[in-house]
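**Student:** Next comes the sequence, and after it the predicted model I'd like to discuss.
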Amino acid sequence: LIPHTVVSYCCIRTTSNQSQSHPFHMRVRSRSDINTTNMNIMKPLNVDFDDEQETLSFLPEAPVVHIRVPKRKQKKRWWWCWPSCCFSCRPWVCQGLLFMIVFASVLAIKFYTAVHGQLPFHTKKGMGAAVTNWHDLHLDDISQWCLQPNVTTCKCANPLQPTHRHGHKTWTEAHVENEKMARNMNTKKSSPFREMDVVFLGDSIMEGWRGTSFGQIVEKKKEHSKVFDDYFDMDKGGEFDGLVLGIAGDKCQNLLWRIQNGEMPKKLKAKVFWLLIGTNDFLKEGMEQCSEEVVFMGIQRIVEEMMLLKPDATIVVNGLLPRSDIGRDGDGRLYQKGEKTVMDAIDAVNGQLEDYCGQHDDLEYFDASQIFIRNNPKLGKGKYQ
């Protein structure tokens, strides 16, 4: 229904004179032209729907409005989008990830070298298949752990496992002092650029050259340090420069721990590293009288570690010195018929060390046994003298 106040009626009529401008003509009739009798009747519009475009062209054109529709973002894969995000909007995230990767890599390398002794691509000098690395050593290869046959009560330590002696006397203080000397030895010389000639590593036999025991001055050993300086301190008239890194009572696994924990730093350079260790592994204290197999494997493990840390140096392996565990009234007896003695085991170890050093170009074996042994006909014949 059309309100009375605003009455209008639209009629569409085709005119010939307006066909060029517009195909349809719109005319608004006045109120008087409207037949009031037909006010309540809405006549259908006679429109030809065959041409829809032409029929509806009388309608006003709607304004064109451009609406920006945001594109749907594709979900990016994290494995290729995180670098761009890190460098553009989150640089601290990228730095944190890189730090974690580097830190994890360093830990992995250290763990591998601690377990296997060297990296997979590390090569060593040697004479072929006869040369083995320490990670090829296995405790299953030890057929007898105790020195005496048919004895299983000995408690020998694992020769491949580094072990400290913290809490025993002043062992820790002695180790710390050795570590300081190893790091600062060159600065104490008159010529700091002069390379060290020889570094001695071992137990009380080596430490005695410093006149100490467990790092403490021993009155009766003061003369030992003077003799050492006369030969191995060029600032005091010696022919060579030497350094002693020994602690009394150490066994193979103790020395292995020390060289892995500061006593053989990278900055310590020497032409020769001289090793004497293993005699304390034959001690009876605490039922620890180990067999020659255990002692030899412990020494071999240390030598392999030294060759890994100092690949360009010459390593001298000193044979174990003679010792007696059967001497009666201090007669110094070394051997006993029908009984296995410590000296028998020492001879076996020294023979293995000599063969082992012969398989490496950078190892030298030195045997000083005959310097300390003399014959006593009263004790017997042959090696039993």
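**Tutor:** That came in fine, so what should we check first?

**Student:** Do you have the helices of the stretch 51-200 of the chain handy? List them.
**Tutor:** 52-55, 78-88, 91-116, 171-184 (DSSP state H, counting those that start in this stretch).

**Student:** tell me the contacts of F214?
**Tutor:** If you count contacts by CB atoms under 8 Å, 6 or more residues apart in numbering, F214 has them with K169, T170, W171, E173, A174, I247, A248, G249. Where C-beta positions appear, they are placed from N, C-alpha and C, glycine not excepted.

**Student:** Now the two most distant members of the residues you listed.
**Tutor:** Maximum pairwise distance in the contacts of F214, criterion CB to CB, is 14.1 Å, between E173 and G249.

**Student:** So between the two, which is more surrounded?
**Tutor:** G249 (17 against 13; other CB atoms under 10 Å).

**Student:** and F282, how far is that from L321?
**Tutor:** Using CB to CB, to the nearest Å, F282 is found at 11 Å from L321.

**Student:** Find residues that contact each of the two.
**Tutor:** Joint contacts of F282 and L321 (CB under 8 Å, 6+ apart) are I346.

**Student:** Compare those two and say which one has the larger neighbour count.
**Tutor:** More crowded of F282 and L321, by other CB under 10 Å: F282, with 24 against 17.

**Student:** So what does the closest residue to that one other than its chain neighbours look like in phi/psi?
**Tutor:** Spatially, and ignoring its direct neighbours in sequence, F282 is nearest to V342 (4.8 Å; CB to CB, 6 or more residues apart in numbering). Here is the backbone geometry of V342 (degrees, to the nearest 10): phi -60, psi -40.

**Student:** repeat for A248
**Tutor:** Per degrees, to the nearest 10, the backbone of A248 is at phi -60, psi 140.

**Student:** try the one 4 residues further on
**Tutor:** Here is the backbone geometry of C252 (degrees, to the nearest 10): phi -60, psi -50.

**Student:** can you pull the pLDDT of it?
**Tutor:** Note for C252: predicted pLDDT of 96.

**Student:** what's the spacing between it and L245?
**Tutor:** 15 Å.

**Student:** what does G298 give?
**Tutor:** 17 Å.

**Student:** Same check on V198?
**Tutor:** 11 Å.

**Student:** For those two, indicate the residue with more neighbours.
**Tutor:** Each of V198 and L245 has its neighbours counted (other CB under 10 Å); L245 has more, 26 against 18.

**Student:** Burial check on S291, number of neighbours?
**Tutor:** The burial count for S291: 25, using other CB under 10 Å.

**Student:** And L308, by the same measure?
**Tutor:** Using other CB under 10 Å, L308 is surrounded by 16 other residues.

**Student:** In a helix, it, correct?
**Tutor:** Yes - assessed by DSSP: H, G, I helix; E, B strand; the rest coil, L308 belongs to a helix.

**Student:** let's have the chain start at 174 instead
**Tutor:** I'll keep to 174 as the first residue from here, and by that count the last item is L481.

**Student:** Okay then, goodbye and thanks.
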